[in-house]
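[1] predicted model, plus sequence, below.
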Amino acid sequence: MNNHDDPPKPQFRIWQQNLHKSVNAWEHMLSNLSPDNYDLACIQQPYLNPVNLANASNLRRYWEVIYPTRHHDNAE
């Protein structure tokens, strides 16, 4: 039974994007990815710097950056 007086359920908002290792797409994502608008960000093929890490210092202010378990085993 649906009671129309119930408060709306909060939405879980996800940003999902494949950046195709593009620095331009990375910069665009950084300027638009706001924790006020999204709860989870799933980024495929991010732009990586020469030490095989995402330039994520400004992301870490609001987001936890998680790499795949074997990320550093097979650097491209």
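    Cool, the structure landed.
[2] could you measure from residue 41 over to residue 8?
    Using C-beta to C-beta, to the nearest Å, residue 41 is found at 23 Å from residue 8. In short, each C-beta sits where N, CA and C put it, glycine included.
[3] the two: which has the busier surroundings?
    Each of residue 41 and residue 8 has its neighbours counted (other C-beta atoms under 10 Å); residue 41 has more, 18 against 5.
[4] tell me the confidence at the more buried one?
    For residue 41, the pLDDT comes out at 92.
[5] for the nearest residue to it once chain neighbours are set aside, give me the pLDDT.
    Nearest residue to residue 41, sequence neighbours excluded (C-beta to C-beta, 6 or more residues apart in numbering): residue 15, at 4.4 Å. Looking at residue 15, its pLDDT is 93.
[6] ok, residue 15 - contacts?
    Residues near residue 15 by C-beta atoms under 8 Å, 6 or more residues apart in numbering: 29, 33, 37-38, 40-42.
[7] ditto for residue 33
    Going by C-beta under 8 Å, 6+ apart, the list of residues near residue 33 reads 15, 41, 59, 63.
[8] and those residues, which two are furthest apart?
    15 and 59 (11.9 Å; C-beta to C-beta).
[9] just name the shakiest helix or strand of this structure by mean pLDDT.
    Every helix and strand in the chain was compared by mean pLDDT, DSSP states H and E; the lowest is helix 23-32, with a mean of 90.
[10] neighbouring contacts of that helix?
    In contact with helix 23-32 (C-beta under 8 Å, 6+ apart) are residues 15, 17, 19, 43, 46-47, 54-55, 58-59.
[11] the same query, at a cut-off of 6 Å, please.
    19, 47 (C-beta atoms under 6 Å, 6 or more residues apart in numbering).
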